[in-house]
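Novice: Only the shape, not the letters, is given here:
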């Protein structure tokens, strides 16, 4: 899930700050599906919806710009520690959140606890599908209660990191606008459906953010206009080298620092805009068209979650006005083993394959630098959660050394060959053939499904290389390049009917997936634990990670859990693709361009429209 | 009498990939006002080539090698296509072999006739033209109401009549009727032939009938030319041709018809088949099938000569005076 | 006139439904052949004469089972062959009957060699060995004047002239020495000089092989030459039937008279007097129960509009279907 | 003809050869005749030459090259690679044509020429299998519907109407998007779809013409069964037209495959359409890149166009053989 | 009679449509995967959320019930709810995009038809000349060229190299942000204008037939009223405040229309050429020549008019393929019409939308067939109902 709203950051009033005008033009590769918040966050929430429309909404908490730490947004300071209470015989945990006073919606209505309560009540009561359901997990969320106009209480079933990263970051809508709709909805047979398909006056829905959508020409463009009375306009976010973040909100007379003290080197200072009058999101139906538009100057920047391919970059580089930026993506591509089957259930076998895979060679040479080698489930860019001490099998080895290590691992575990692979003078001189398991029986062909070149040439190329490496030392691995759907179908629909496969995950900053991908309660048909990994020790640590609301504690557990996974290799993480983007440096400027998942990233605000300036 | 049409030594050849086809070779005849002439021959003998040469409606690969066709004092071989367009229909019109297909299926029959009139007489108003078509329809025995029908709503006989009406539309001096009744039933054929004859007499037009059926020609033509393999082998007035056929081919042709009159007779057959006109030989083209052929016939082509008054034959052994031969055969 | 009766047709009818689509039942019928009676003796030729659309071809095809008869009875060599169900009967019937078609360009499959075409009836009937078939093909080709046969055996129809093609078609029809042959205008598409050759050839073969022929033609002169007996048809009905010379010299039915008078005569001095009949030929779709010639007949009477005339024998094996005549040549009017 | 019985006609018997050799000679002769007509059609000959060039490239040159030049002999992963799927480390990719890679390499370092040649036999296979299925179905249904008429005919013609109604490519897109479609399946789908569609109507009307010709009745008079007539008379006479349509169908099948591959909808290793897809999605078919990286799309695009065009040309050439009315005099 | 015929045809079309919809429905339901796969590939969806969606889509009902419902709904334009635009009804999406496709392809096919017709006519008439060879070869090349390739080159040439036509989108946002007009409305207005001009042309043609028998007068009436209709509608657009927006859309249409025309004119041209060559050999052409009609009249009035019939038939048969080509054209020109919707929904596994797009493409083709059938009946007097 994308963390959508991080807009509302604070800053010190800089007197006489000049806000320039102008219009920025962004390219999108697809139309938004709806302007209705309930639907936009529905089952098919797309990145495009977020790009163009999320400038309108707020959330209680968000993340700091480049350090990705949880910071208050519409809340006034952090939540109080969870307290255990019992109501009507149920044990619950409760916390109090204070709201910022003085924040107004674009129609002038003040933001109050009513809005918050309403925003949580509607999706939860109506069982809104899609992301709402994961924002407000039914097994975790209980209710939100208004204490006074600027205080609310959250009730949850148990402590969990998801409380912070899902519940507290859920979107806030205006009660005044939506209440009549909600009341009408409750009279319907399917109220959720009614809410989601409501499409009247959406352009006049008040915004709490810096922008509001003022026009939507379907299939052609969206026009976002700056909100003149944006409460947070002109605030400052100051990020210190010691990890502290300071927010100064002049309009509200707020000056808060989190995660340390506001001293030492200042890494970044951001002054909130908006600096432009409007942003036009032009819809181009494919990348080629969008890039042509960028070349021509029709647009200033292309929003694209996958980034630009090599050729586009080469084309864009011919234009001196276009600046290319490259960032690692928040996601990873991996090989999964089916631990329910032999020989994948043999750890030595998995380790041998892990040894064989030369990520650096793959990422840098074979895939031509379009990807970053990655061996952990958390990419290094996710600074807080990244475990720098994790060391993958075969790190730093050459190909031949890897061969040797793999052969040795197999031999030690009792595997043997009909014809043993031979390495002389740093050269493989004899391929292995007829690998036999510890039981002395020949190992049958192992099929590794991977997306075909048509879907993703990078993964299919990687698959063929893995196949080659494995075959070189006699592992009968066969790379079956098939359609993406086929893999998903085999893995998730057909009850884990696979040997090995290559797929990728798009991930979140908060690595709750460490638990979900490998926990035993996901080891059910259709569950996420496709390898069928079961390890009680891991389970214990991972659960502890998930249930910690203190993130420093959580991190300790996460590191431990990762170590188990690194040791047992149910997944081999291969690499994280790079997100390459280009923008017209002669037309606009961004506050920063070096960030995880690129400028378009949800974590730095979709090209941070509040910082974008048009060069005039 | 004035010659309406004079064809002199007309040679029309086709160029094909296999070689040259001498479709019409050295054709000469003249046709006088009010005269009707029959052109008889088997399929592929070049009779249609002659008519198409006169109309100058030759396919791309056909060429008039030499010869002249005088019509109305002009050599229509030499005039431009635009000038020829003025001659067509207004001067020489035509009744086509396949009347079924000579009407455009997407236009009303009446309109197709009116088109011919208005093209050649631009001053005629539409109503006048319609009047004229109506009277033409009456002339050929069609109900003028049917003018506004499409060709597919006509029967075969009616189409033929409509085509005849069309040929008369511009009062031409000469009508070429190319197998005008071939596809028709015998009773319809009879009525149409009679009507044609009547109209021709009435309007004092000249006509050329083209047919493979010598009996049909005998009914309507006052002058008959027999064609064989691209050449006219015999020509005279019809009575002479029937009474004193000179060319062995003519003789054979006439006796090979079963007749419905008189006693039942044995049929005489002409052996063999008509020659291919492709790379035609230098000798007499009928020689291979001729019972009277001598060495001379195999050496050169006979010249086309007047053997008696107004009776032209191309044969070394004309049978004109040997009555006994005719009697034997007939 | 007595001899073995090869074919006997009694009350033969063939109606074609006029349908618009497969979903609707036919409401109208084309009475192509209506209540036909005749018989052919061994070695004799009967000619069916009439204008196009009179049902003569349909008659021939119905007899040969190309169409299922709507009604009536067909007896062939004493056997009822109106409806053939048993495979053996079909085989027997088809091996004894044959047909020669009008168009020599169309009746030979352009993709088959002369040998295949001529041998096809034997192939279909599984007759003899290949060797035997070859010999029979050679033999019949020689007899129809295709010589030398082996020079033509492996040629395709398009390499032959029209006359040769019709000879091949005849050879094909006669290769199995059928008892009975329907010849549907076999010479009408041929050139004059060839036509005579083919007619003569057929006459010879009929004599030689002692076959019975149903000779369909629109040309009375040809019928006179080829046939022993002539039957004139008009709109599906037989209007007159007689020995050929009798019919030509003494036509009784107004239609026959008109037909004969309309034939052009190759003599410029001869002036025919034609019988004027009105209008043109129509189509016998759901005909009214009256004389079908009524509309065109110059002698039409009241009775002609009321019922259909039956074929009556006016003597000398001369039958006519007209109210002008009674038995034995008595003229009514 | 094994048994030689005594015959009376020795002279002719001596000249008779065994039927098989005669048939062969006949076939050869009619082939020569048709060839003569065909070879006069410039367009048809151009098409044939192109097809031959592609066939040689795909079926002869590729196996040879794959077995020699491109053979993975060394065990060192850095030097040895499969040219279709492997990567050339020795340069920056995509690389322009050089001696090592006559047509350059693609963004994934794969040899363009190798991909091109590797795909060729597959394109042929696809085109010909699809066309064969189409023609077999079309011919059978067309002739049967025409011959028997009635409800059967109506049924198949309505089916054809519906199939014609189907927007072909969109339909293929939906099918291949929803299920895993490989080349053979695609050939099958294309074959079936076009087999029940337009070709049936065309062949049926042709069969109706053949059916009405007297030689059919001629065979019936001899007692021929329906199946005999269909097999021996009707099919041989609609065959040339079937063959003609087969050529057009090859074009259609290859084109459809290329379109589907171009949208990345097919589950195949390599094809010309996929090569363009790779170049397009990697951003090499845009602006000045089009000509700067021409080798990425031009060879594949030209191959599709040429091979499609070539079969179409052959079809038009054959048209002049099959339809004498189009022939030049 | 004509009305009865049209009624019959519409009935037939309805039956065809039912069968067509059934095939589309069952084919899509026979596909492996489907919605469940789609949901599972989203790791953040809880099982409850998935179930909720499955219930929302009626996927828990037996297939035949789903089908009956679907069939009922298709005829009330209720095509279900799009997966990828959840919870937007499919019909809304189609209603938004259909006019774009209809406009683009009506204009392009009409142009392609007339270009093909005219060039085929002159090809056949000038047989054997150099121009014939050149245009035949050009025609065959454009006919057989791989469509995306042609589009790439077109885009490069007109967009990057010459830079004269807009490459992408169907309107210019810089212009449209100053209005609150819905582009869909403008599309409908343009289509309406075209329809009105078409009706004026048809009526004036019929009136001309009735009023005069002189070709020249008929032509005058026809052309005059057509020109008046065009000028009048241009004037209307000129004075109307939205004219500029229509012009903007048309301006953006130039390149796609050009491309579709180039792709599809050659098919018509080649068929017209063949048909014309055959017609020229017909006897009535010889008759027309013999009548002394000028060459041009023989060519246009007799040969071309009659030769047109098979071309129209071919045009009908090729309609499905023209629409097919739309997928490529629309995708590469970012013209968000039906073809693109189909491709995108397929790629997104949004099968209610894919089915809807397929059905409406089919309906579009069907009604085009109907229209052409009626035109055909006008063209060929042999066809009577």
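Specialist: Nice, I can see it. This is a predicted model, so every value here is computed, not measured.
Novice: Tell me how many other residues crowd residue 263.
Specialist: Since no chain was named, I'll use chain A. By the measure other CB atoms under 10 Å in any protein chain shown, the count of residues near residue A:263 is 12. Where you see a C-beta, it was placed from the backbone N, CA and C, and this is true even at glycine.
Novice: actually it's chain E I care about, not the one you picked
Specialist: 22.
Novice: Quick check: it vs chain D, distance?
Specialist: 11 Å (CB to the nearest CB, to the nearest Å).
Novice: ok, now residue A:558?
Specialist: From residue A:558 to chain D the distance is 35 Å (CB to the nearest CB).
Novice: same question, residue A:282
Specialist: Residue A:282 is 17 Å from chain D, by CB to the nearest CB.
Novice: got a list of what residue B:148 touches?
Specialist: Residue B:148 makes contact with B:108, B:110, according to CB atoms under 8 Å, 6 or more residues apart in numbering or on different chains.
Novice: Can you give me the buried ones in stretch D:116-131?
Specialist: For stretch D:116-131, the neighbour count (16 or more other CB atoms under 10 Å in any protein chain shown) marks D:116-124, D:126-131 as buried.
Novice: Tell me, how many residues neighbour the nearest residue to residue B:162 once chain neighbours are set aside?
Specialist: With CB to CB, 6 or more residues apart in numbering or on different chains as the criterion, residue B:162 has its nearest non-adjacent residue at 5.1 Å, and that residue is residue B:109. The number of residues packed near residue B:109 is 26, by other CB under 10 Å.
Novice: so residue B:109 makes contact with residue B:160?
Specialist: No. The criterion here is CB atoms under 8 Å, and residue B:109 misses it with residue B:160 at 11.9 Å.
Novice: Could you pull up the residues touching the closest residue to residue B:21 other than its chain neighbours?
Specialist: Nearest non-adjacent residue to residue B:21, counting by CB to CB, 6+ apart: residue B:14, 4.1 Å away. Residues near residue B:14 by CB under 8 Å, 6+ apart: B:20-21, B:23, B:59, B:61-63.
Novice: Let's see which of the residues you listed end up in strands.
Specialist: Using DSSP state E, B:20-21, B:23, B:62-63 are the members of the contacts of residue B:14 that sit in strands.
Novice: between these, which has the most around it?
Specialist: residue B:23 (25 neighbours).
Novice: Tell me how far that one lies from residue B:214.
Specialist: According to CB to CB, to the nearest Å, residue B:23 and residue B:214 sit 21 Å apart.
Novice: on that earlier part again, which of the contacts of residue B:14 sit farthest apart?
Specialist: B:20 and B:59 (14.3 Å; CB to CB).
Novice: Show the contacting residues for residue D:54.
Specialist: Residue D:54 neighbours (CB under 8 Å, 6+ apart): D:120, D:123-124, D:303, D:306-307, D:310.
Novice: Please identify which helix or strand holds it.
Specialist: For residue D:54, the element it lies in under DSSP states H and E is helix D:42-55.
Novice: what do you get for residue C:242?
Specialist: strand C:237-243.
Novice: Follow the chain on from that strand and name the next helix or strand.
Specialist: helix C:244-249.
Novice: Does chain B have contacts with that following helix?
Specialist: Yes. Helix C:244-249 comes into contact with chain B (CB under 8 Å from any CB of the partner chain), by way of C:245, C:248.
Novice: which outside residues touch the following helix or strand past that helix?
Specialist: Remark: after helix C:244-249, the chain's next helix or strand is helix C:254-262, criterion DSSP H and E. The contact list for helix C:254-262, computed with CB under 8 Å, 6+ apart, reads B:186-187, B:189-190, B:260, C:49, C:51, C:220, C:232, C:234, C:239-240, C:247-248, C:251, C:272-275, C:277, C:293, C:296-299, C:322, C:324.
Novice: Find the centremost residue of the chain, please.
Specialist: With no chain named, the answer covers chain A. Closest residue to the average C-alpha location of chain A: residue A:508 at 3.4 Å, with CA atoms, centre = their mean.
Novice: switch to chain E, that's the one I care about
Specialist: residue E:105 (3.5 Å).
Novice: Wait, it touches residue E:326, no?
Specialist: Yes. The pair residue E:105 / residue E:326 is scored as a contact, 6.2 Å apart, by CB under 8 Å.
Novice: if I look at the two, which residues touch both of them?
Specialist: Counting by CB under 8 Å, 6+ apart, the residues touching both residue E:105 and residue E:326 are residue E:260.
Novice: So which elements touch the helix or strand containing residue E:4?
Specialist: Using DSSP H and E, residue E:4 maps to helix E:2-30. With contacts taken as 3 or more CB pairs under 8 Å, 6 or more residues apart in numbering or on different chains; DSSP states H and E, helix E:2-30 sits against helix D:150-165, helix D:168-178, helix E:63-75, helix E:351-379.
Novice: What sits closest to residue D:208 if chain neighbours are left out?
Specialist: residue D:146 (4.5 Å).
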